[in-house]
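Asks: Here's a sequence, model it:
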Amino acid sequence: MEAGETPQECLARELAEELSIAVEVGDMLAVVGHEYPDLAIDLIAFRCRITGGVPADVGCSSHEWVTTDELDGYDLLPPDRELARLLDRLQA
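Replies: This next block holds a predicted model:
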């Protein structure tokens, strides 16, 4: 997050920069904290709705739409994997 930016504003900005889409950020779904040797992070998942644009690989090498149960086939970092597990439980 940039200085003075809320998590919701950060997410909207990052999606615009990385995928060239505008989103309406909705409810928070889950939070996962993780400590690396030199950094502590909180990953926050929000429900979002695309309000403009079509997802494009602008600031990333590629993207895919997958379900949470399909994420096992991806090389995710530990906090990403934990967040995926939490989101999967929310869908059950």
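Asks: Need the phi and psi values for the most far-flung residue of the chain relative to its centre.
Replies: No residue in the chain sits farther from the centre than Pro37, which is 22.3 Å out by Cα atoms, centre = their mean. Note on Pro37: its backbone torsions stand at phi -50, psi -30 [degrees, to the nearest 10].
Asks: pLDDT weak spots in the chain?
Replies: 92 (pLDDT under 70).
Asks: can you map out the strands along it?
Replies: 22-36, 39-52 (DSSP state E).
Asks: Identify whichever of those lies nearest to Ala3.
Replies: Closest approach to Ala3 among these (Cβ to Cβ): strand 39-52, 16.6 Å. C-betas here are computed from N, CA, C, even on glycine.
Asks: Which neighbouring elements make contact with the closest one?
Replies: helix 7-19, strand 22-36, helix 78-91 (3 or more Cβ pairs under 8 Å, 6 or more residues apart in numbering; DSSP states H and E).
Asks: Is it possible to get CSV of the ones you listed that adds distance to Ser62 and mean neighbour count?
Replies: Below are these laid out as CSV (distance: least, Cβ to Cβ, whole Å; neighbours: other Cβ atoms under 10 Å):
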stretch, distance to Ser62, mean neighbour count
helix 7-19, 11, 15
strand 22-36, 19, 13
helix 78-91, 16, 14
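Asks: Can you tell me the centre-most residue of this protein?
Replies: Nearest to the mean C-alpha position of the chain, by Cα atoms, centre = their mean, lies Ala45 at 5.7 Å.
Asks: tell me the contacts of it?
Replies: Contacts here follow Cβ atoms under 8 Å, 6 or more residues apart in numbering; on that basis Ala45 touches Met28, Leu29, Ala30, Val31, Leu83, Leu86, Leu87.
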